[in-house]
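Visitor: One predicted model, sequence on top.
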Amino acid sequence: MRSIWNGAISFGLVSIPIKLVNATESHAISFRQIHTEDNGRIRYRKVCEVEDREVSQSEIGKAYEDADGTIVPITDEDLSHLPIPTARTIEIVAFVPADRIDPLQMGAAYYLAASGAPAAKPYTLLREALKRSNKVAIAKFALRGRERLGMLRVVDDAIAMHALLWPDEVRAPEGVAPDVDVTIRDKELDLADALMDTLGEVEMADLHDEYREALEEVIAAKAAGEAPPQAPEPAPGGKVLDLMAALENSVRAARESREPAGEAEVRSLPDRRSTPKETDGKKSTSTAKKTTAKKTPSRKSTSKTASKPAEPAKKATAKKTAAKKTAAKKTSARKRSA
């Protein structure tokens, strides 16, 4: 990574030579301005108003315009001799808990890289001190023509610095909150909590810029002479005026979206033909049912008749009748012999 600023961290009487590098990068897709009739590039040219001619970058400098229109030129040499100690130094002024920093103040992020082998020892010392204290360092530094406020913290094995706005640069939220009396019921808060729990947490690394990906697809299609992909039609939704209904619908939709696709829970249906055995008095009830079933053979024969063809049923009835006649003959024979 290319350094954008060279200097040192001032840590009491300890000086740590460092290089400042950008910790973030932009993946945004940039566009050119063109003439729509012939796709010609539209360029902005820097023209001197006095000479009415285009000037090169080497001819351009800085100046301050006073209220009456007076121009006061300011050179890079003037800026390099500013009477402040932070011109080439990140001066640590305090150590505070991280929660003391208002996120509204946080701006661009940088990595502080140790400059050379001699800086390794004091750099590591500051890093380990920050780790053990669970605090962040508040520092002042000068960059791009102005003094800034910064916050130093540990990221893995490196020291990162966040540029901070000065406290007087953060506006108070006056007139932003609703200027009406609103009553929130406990049930509404419960549903809001349920929605938060259902949505749950997310791995920040899993988040990505879907707009940029869609834009890349459009550019690729246009470059290939194909029709760009069309966005799906949004689902029609009714206007929900009831907050409770909106919360309930949101919780339901969030739960459905969290269910894994294609994985349904399989549950076996209870067998109503058999009754599970239970302890104590319920066991006797099961026995009673079995006894009752034995005393009513008509149901059993009905089920057999329904499940078997008609002819075998007639044969079974004939066999039973013949058996009864045989038993009756034997009984009468015994009586006669007696």
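Guide: Sure thing, it's come through.

Visitor: all helices in the stretch 101-250 of the chain, in order from the N-terminus.
Guide: With DSSP state H, counting those that start in this stretch, the ranges of helices along the stretch 101-250 of the chain come out as 120-133, 186-199, 210-223, 243-258.

Visitor: Which of those helices sits closest to residue 5?
Guide: Nearest of those to residue 5, taken as Cβ to Cβ: helix 120-133 at 16.1 Å. Where C-beta positions appear, they are placed from N, C-alpha and C, glycine not excepted.

Visitor: Give the residue spans of the chain that score low on pLDDT.
Guide: Filtered on pLDDT under 70, the chain yields the residue ranges 82-87, 145, 235-241, 259-338.

Visitor: Nearest to the spatial middle of it, which residue is it?
Guide: In the chain, the centroid-proximal residue (Cα atoms, centre = their mean) is residue 202; its distance is 3.9 Å.

Visitor: That residue and residue 256, how far apart?
Guide: In this view, residue 202 and residue 256 are 17 Å apart by Cβ to Cβ, to the nearest Å.

Visitor: okay if I get the helices of the stretch 101-250 of the chain as JSON lines plus mean neighbour count and distance to residue 98?
Guide: Listed next are those as JSON lines, based on neighbours: other Cβ atoms under 10 Å; distance: least, Cβ to Cβ, whole Å:
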{"stretch": "helix 120-133", "mean neighbour count": "14", "distance to residue 98": "10"}
{"stretch": "helix 186-199", "mean neighbour count": "13", "distance to residue 98": "24"}
{"stretch": "helix 210-223", "mean neighbour count": "11", "distance to residue 98": "31"}
{"stretch": "helix 243-258", "mean neighbour count": "13", "distance to residue 98": "31"}
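
Visitor: Let's verify residue 99: helix, strand, or coil?
Guide: Secondary structure, DSSP: H, G, I helix; E, B strand; the rest coil: residue 99 is helix.

Visitor: okay, now it: neighbour count?
Guide: Residue 99 has 7 neighbouring residues, counting by other Cβ atoms under 10 Å.

Visitor: For the residue nearest to the centre of the chain, give me phi and psi.
Guide: phi -150, psi 150 (degrees, to the nearest 10).

Visitor: Secondary structure class of residue 30, three-state.
Guide: Quick answer, by three-state DSSP: residue 30 is coil.

Visitor: Count the residues that sit near residue 5.
Guide: 16.

Visitor: sorry, back to before: dump the helices of the stretch 101-250 of the chain to CSV, plus distance to residue 32.
Guide: Listed next are these as CSV, based on distance: least, Cβ to Cβ, whole Å:
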stretch, distance to residue 32
helix 120-133, 43
helix 186-199, 40
helix 210-223, 12
helix 243-258, 39
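
Visitor: Figure out which of those is closest to residue 148.
Guide: Taking Cβ to Cβ, helix 120-133 is the member of these nearest to residue 148, at 19.3 Å.

Visitor: What lies in contact with the closest one?
Guide: 9, 11, 14-16, 18, 95, 112, 114, 136-137, 152-154, 157-159 (Cβ atoms under 8 Å, 6 or more residues apart in numbering).

Visitor: if you set the cut-off to 10 Å instead, what comes out?
Guide: 8-9, 11, 14-18, 92, 95, 97, 112-115, 135-137, 152-159 (Cβ atoms under 10 Å, 6 or more residues apart in numbering).

Visitor: do stretch 203-212 as well
Guide: Outside stretch 203-212, the residues that touch it by Cβ under 10 Å, 6+ apart are 27-29, 215-216.

Visitor: ok, back up a step: drop anything exposed from the contacts of helix 120-133.
Guide: Listed as buried from these are 8-9, 11, 16-18, 92, 112-115, 135-137, 152-154, 159; burial here means 16 or more other Cβ atoms under 10 Å.

Visitor: among the residues you listed, which are in strands?
Guide: Members of the buried ones among the contacts of helix 120-133 lying in strands (criterion: DSSP state E): 8-9, 11, 16-18, 92, 112-114, 135-137, 152-154, 159.

Visitor: ok, now which ones touch the residue nearest to residue 2 when sequence neighbours are not counted?
Guide: Using Cβ to Cβ, 6 or more residues apart in numbering and skipping the chain neighbours, the partner closest in space to residue 2 is residue 21 (6.8 Å). Residue 21 makes contact with 1-5, 110-113, 158 under the criterion Cβ under 10 Å, 6+ apart.

Visitor: Could you measure from residue 194 over to residue 245?
Guide: For residue 194, the distance to residue 245 - Cβ to Cβ - is 14 Å.

Visitor: ok, residue 75 - contacts?
Guide: Per Cβ under 10 Å, 6+ apart, neighbours of residue 75: 61-63, 81.

Visitor: In this structure residue 16 contacts residue 115, no?
Guide: Yes. Counting by Cβ atoms under 10 Å, residue 16 touches residue 115, with 8.4 Å between them.

Visitor: who touches both of the two?
Guide: 7-8, 123.

Visitor: Next, format these as TSV and append distance to residue 33.
Guide: Compiled in TSV, the shared contacts of residue 16 and residue 115 are given as follows (distance: Cβ to Cβ, whole Å):
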residue	distance to residue 33
7	38
8	43
123	45
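
Visitor: And the residues you listed, which is closest to residue 143?
Guide: Nearest to residue 143 among the shared contacts of residue 16 and residue 115 is residue 7, at 9.4 Å by Cβ to Cβ.
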